[in-house]
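> build me a structure from this.
(2 chains)
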Amino acid sequence: MNNDLPAIEVKNLTVSYGPVPALLDVSLAIEPGQLVGIIGPNGSGKSTLIKSLLGFVKPDFGEVLLFGEDAEKAKGRVAYVPQRGSVDWDFPVTVREVALMGRYGKRPWWRDLSNEDREIADYALEQVRMADYRNRQIGQLSGGQQQRVFMARAIAQGGDVLLLDEPFAGVDAATEKAILDVLESTRETGRTLVVVHHDLATASEYFDSLVLLKQRLFAYGAPEQVLHPELLSEVYEGTLRIFANLHNRSTGGQD
Amino acid sequence: MYEWLVEVHTASPHLFKALITGLLVTTVCSVIGCFIVLKRTSFLADALAHSMLAGVVVGYLFMKLAFGKEAHAPAMLIGSIVSGIITVAMIGFVSRFSRVKEDAVIGIMYTGIFAFGGVLVSLFSQYVHIDLLHFIVGQLIGVSDQDLWMMAIVSVVVLSFIVLMFRSLQLLTFDRVMAASLGMNVILLDYMLTTCTAMVVVTGVQVVGVIQVVGLLIAPAATAYLLCDRLKHMLWVSAMFGWTGFLAGYFLSEAYNVAPGAMIVVTLTAQFLLVFLVAPRYGLLADFQRRLKAIPQQVVEDILGVILRAQGEQCEIRDLVEHTEYKLEPIRKAVYSMVKKEWLCFEGDVISFTAEGRKHARRLLRAHRLWETYLQHLGVAEEELHERAHVLEHLHDEQAVDYLDDKLGHPLTDPHGAAIPEDFEHLVSGEVMTLAILREGHTGEVVSVGHLIVDPVSVGDRVSVGARENDSEIWVVTVEKPDGQFAKHRFNHEEADDISIRLD
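Numbering: from 1, shown residues only, chains lettered A, B, ... in the order given. Model (predicted):
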């Protein structure tokens, strides 16, 4: 279905909160089944781009299309995985209840969730290998498991496009690996993943393609093209030696 | 229950009415209180309670002056709700458009509006007959029928709202962003919840007064929060604590002839403290017990170390007591927990490793020997090396150990000449590693070469690592080119770091 349409198409998007635009004339198209990283310095508009894809902020100009449809109409097809720090891990809610939240949008508030909804949520938990933990309160999980629960919620939501805000921020190496595994296995199910990422050193390893953003779109493409030292020093305003190093790593030194 | 109530009613209509009022009000307060606790808006609830004075007075005045009606309850209720919403809206507006933070804005607005109500009361004292003392400490005895009916209506409205909108309210409280992304009107929901809170506060003020109403809202909910892992359960348990707190407080106040409002809030607080002490998972005692039960990491690691160094990697409990600084009991406890975790196994009295346990032990040994080498490198005296490394080996975080390994030039032996275990966790088939980490015997294919090495090695070559030379500072590799040519090459540490190899 819709195989020839890009999963996400952003056309000349300009968004502002004041006189300075947060995003200026950003255009890009992301094919389905891609794992895409958004990189850029702090305040470069990464979160704004995610919010635009969610239909959260109203653009000053331009449009966001999801599978060729207006973002407003395709609302249910985009699932959002929140930043770890923004979740109240002490909230009285179990793993299964979080997964079930993915179904809330499918039922109006006066109707109960159906058995089908429960099955879908349970299946989503199985897909991220969290079915055994379904009755745990979410604070009693490890970092990787917590991330998987929210991935399950996004899957239960039926999202074809998953937006993740800094999933790797503040996690240890083992958790980072666990999260990456979840991302990759989710992508293998044909979903499109857009991930805000802050660590340039791992960006080339983790993603199929990268979006380099700082108000404008500086580059979008394969990691080795985007992680170009000249480009990075322009965006990050510094001639850090590490950029040269990164480039070597992403090209395998054949450059 | 019903018969008992009838009996109470015939015996003492006043008591009956007070009980019904109290149970209704505590139920609805405890339930809405859960959302206040979870949204961390207790201070806002306090503000709502205070601001209602202005609303009550305006409602009173309006009905009195316009229709000549005295103390018209519905008008006062509507007045309180409206003043509550105005307060919340103003707090929202001011904290959004000024640099003053929300808590300060709440402080300004609610005292301001409360004081405004006070000014109105004194200004129109000849028209308005509001007993400020009752407003402040509550008036459970002598609730009018009209008030009771209103409480009943408020309770039904609020409880139905919560039951019907449960999913929306749960998601709103837990994850606003997702609620909004599903197309829920979060601002409207917020205001509906605030309106409900305002209505509930108005009923609560009747019972315990404006100052203590926050206790009625928060205490049962917070008590339930310590016991529940699901919001639905929390709502029920909170209502239950509301009832028990109310009944205990009310009968105590009758028995000792003290103000019921105050007594109820005291019992609610006592309940909370009791549960905080004994709650099975989130209580103080449970936490204390967990800490007692926890087996210190240090004991576990020392035991692993002793077994690894023992003859044939096995020993008995008494050997552990002999070779560590711990007594029998903690050692026995630690060993049993490690057996349970499948790190160790017992055969008769003899303890030995499982594969998992050996892995942990080797990681520790690697950390220990690298720390020793590091300390020697820094010039620490020979006889102190072991002791100090023994303390430091508990810092065996992978990245820290890898850093030491690299900084020391990937040494093969420690200062005592014992072999340092290699980085066995990463050295598995298919992993890409730099040459520097590889020891003699590893083979693989070159996947990248930095610019330090121009000539001898290129991507796609097969390499096999030989014994290091020159005090293990020179890496020796045999390179096989795709065309079948063999050659031996030597690299220093920096060069070896620049060659990445995928292991066979």
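> buried residues in the longest helix anywhere in chain A?
If you go by DSSP state H, chain A has its longest helix at helix A:173-188. For helix A:173-188, burial by neighbour count (16 or more other Cβ atoms under 10 Å in any protein chain shown) applies to A:175, A:176, A:178, A:179, A:180, A:182, A:183, A:186, A:187. All C-beta spots, glycine's among them, are computed from the backbone N, C-alpha and C.
> so what does it touch, helix or strand wise?
Counting contacts by 3 or more Cβ pairs under 8 Å, 6 or more residues apart in numbering or on different chains; DSSP states H and E, helix A:173-188 is packed against strand A:35-39, helix A:143-156, strand A:192-196, helix A:200-206.
> ok, and what's touching the longest one?
Surrounding helix A:143-156, the residues in contact under the criterion Cβ atoms under 8 Å, 6 or more residues apart in numbering or on different chains are A:79-82, A:84, A:87, A:89, A:95, A:98-103, A:120-121, A:123-125, A:127-130, A:133, A:138, A:141, A:162, A:167, A:171-172, A:174-175, A:177-179, A:182, A:186, A:189, A:191.
> can we see that at 7 Å?
A:79, A:81-82, A:84, A:95, A:98-99, A:101-103, A:120-121, A:124-125, A:127-128, A:130, A:133, A:138, A:141, A:162, A:167, A:171, A:175, A:178-179, A:182, A:186 (Cβ atoms under 7 Å, 6 or more residues apart in numbering or on different chains).
> quick one: the helices and strands packed on helix A:173-188 as a markdown table, columns for mean pLDDT too.
Converted to a markdown table, these look like this (pLDDT from 0 to 100):
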| stretch | mean pLDDT |
| --- | --- |
| strand A:35-39 | 94 |
| helix A:143-156 | 87 |
| strand A:192-196 | 93 |
| helix A:200-206 | 86 |
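> now these in JSON lines, with mean neighbour count?
Below are the helices and strands packed on helix A:173-188 laid out as JSON lines (neighbours: other Cβ atoms under 10 Å in any protein chain shown):
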{"stretch": "strand A:35-39", "mean neighbour count": "24"}
{"stretch": "helix A:143-156", "mean neighbour count": "24"}
{"stretch": "strand A:192-196", "mean neighbour count": "25"}
{"stretch": "helix A:200-206", "mean neighbour count": "17"}
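> let's have those in JSON lines, adding distance to residue B:462.
Output for the helices and strands packed on helix A:173-188, formatted as JSON lines (distance: least, Cβ to Cβ, whole Å):
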{"stretch": "strand A:35-39", "distance to residue B:462": "32"}
{"stretch": "helix A:143-156", "distance to residue B:462": "36"}
{"stretch": "strand A:192-196", "distance to residue B:462": "36"}
{"stretch": "helix A:200-206", "distance to residue B:462": "24"}
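> out of the contacts of helix A:143-156, list just those in strands.
Judged by DSSP state E, the contacts of helix A:143-156 include A:79, A:81, A:162 as members of strands.
> most neighbours of all those residues, which one?
Ranked by the number of neighbours (other Cβ atoms under 10 Å in any protein chain shown), the ones in strands among the contacts of helix A:143-156 place residue A:79 first, at 26 neighbours.
> I figured it hits residue A:186, correct?
No. With contact defined as Cβ atoms under 7 Å, residue A:79 does not reach residue A:186; the gap is 10.4 Å.
> okay, and the common contacts of those two?
Common neighbours of residue A:79 and residue A:186 (Cβ under 7 Å, 6+ apart) are residue A:162.
> show me the shaky parts of the chain.
No chain was given, so I picked chain A. Flagging of chain A using pLDDT under 70 yields the residue ranges A:1-3, A:238-255.
> looking at chain B here, not the other one
For chain B, the ranges with pLDDT under 70 are B:1-2, B:5, B:8-9, B:452-455.
> near chain A, which residues of chain B show up?
Taking Cβ under 7 Å from any Cβ of the partner chain as the contact definition, chain B meets chain A at B:38, B:164-165, B:167-168, B:171, B:174-175, B:177-178, B:180-183, B:225, B:228-231, B:234, B:398-399, B:447-451, B:459.
> now the buried members of those.
Buried by 16+ other Cβ under 10 Å: B:38, B:165, B:167-168, B:171, B:174-175, B:177-178, B:180-182, B:225, B:228-231, B:234, B:448-450, out of the residues of chain B next to chain A.
> and these, which of them are in helices?
Per DSSP H, the subset of these in helices is B:38, B:167, B:168, B:171, B:174, B:177, B:178, B:180, B:181, B:225, B:231, B:234.
> in space, what's closest to the closest residue to chain A within the stretch 201-350 of chain B - neighbours in sequence excluded?
Proximity of the stretch 201-350 of chain B to chain A (Cβ to the nearest Cβ) peaks at residue B:229, 3.9 Å away. Distances taken as Cβ to Cβ, 6 or more residues apart in numbering or on different chains put residue A:137 closest to residue B:229, at 3.9 Å, once the chain neighbours are dropped.
> picking up where we left off before, greatest separation within the ones in helices among the buried ones among the residues of chain B next to chain A: which pair is it?
B:181 and B:225 (26.9 Å; Cβ to Cβ).
> residue contacts, the residue lying farthest from the centre of chain A?
Residue distances from the centre of chain A (Cα atoms, centre = their mean) peak at residue A:110, which lies 31.2 Å from the mean C-alpha position. Going by Cβ under 7 Å, 6+ apart, residue A:110 touches residue B:164.
> which element, helix or strand, includes it?
Assessed by DSSP states H and E, residue A:110 sits outside every helix and strand.
> show the backbone phi and psi for residue 13.
Just so you know, I chose chain A. phi -80, psi 120 (degrees, to the nearest 10).
> helix, strand or coil for the closest residue to residue B:33 other than its chain neighbours?
Nearest residue to residue B:33 in three dimensions, chain neighbours excluded: residue B:221, at 3.5 Å (Cβ to Cβ, 6+ apart). With DSSP: H, G, I helix; E, B strand; the rest coil as the basis, the three-state label of residue B:221 is helix.
> my read: residue B:221 touches residue B:34, true?
Yes. Shown here, residue B:221 and residue B:34 form a contact pair, counting by Cβ under 7 Å, at 4.4 Å.
> need the overlap of contacts for the two.
Common neighbours of residue B:221 and residue B:34, using Cβ under 7 Å, 6+ apart, are residue B:238.
> so the residue in the stretch 51-200 of chain B positioned nearest to chain A versus residue A:28, what's the distance?
As assessed by Cβ to the nearest Cβ, chain A sits closest to residue B:182 within the stretch 51-200 of chain B, at 3.7 Å. Distance, residue B:182 to residue A:28, using Cβ to Cβ, to the nearest Å: 25 Å.
> now residue A:96: closest residue in space that isn't a chain neighbour?
residue A:134 is the one closest to residue A:96 (Cβ to Cβ, 6+ apart), at 4.0 Å.
> who's in contact with the one you found?
Shown in contact with residue A:134 (Cβ under 7 Å, 6+ apart): A:94, A:95, A:96, A:125.
> tell me the residues of the stretch 1-150 of chain A that contact chain B?
A:54, A:56, A:75, A:80, A:82, A:88, A:91-94, A:97, A:101, A:104-105, A:109-110, A:137.
> just the buried members of the residues you listed?
A:54, A:75, A:80, A:82, A:91-94, A:97, A:101, A:104-105, A:137.
> how about those in TSV, adding distance to residue A:200?
Formatted as TSV, those follow (distance: Cβ to Cβ, whole Å):
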residue	distance to residue A:200
A:54	25
A:75	32
A:80	24
A:82	23
A:91	33
A:92	39
A:93	35
A:94	37
A:97	37
A:101	33
A:104	37
A:105	35
A:137	36
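> most widely separated two among the residues you listed?
Checking those with Cβ to Cβ, the most distant pair is A:75 and A:137, at 29.4 Å.
> and stretch B:130-141, end to end?
Start-to-end span of stretch B:130-141 (Cα to Cα, to the nearest Å) is 16 Å.
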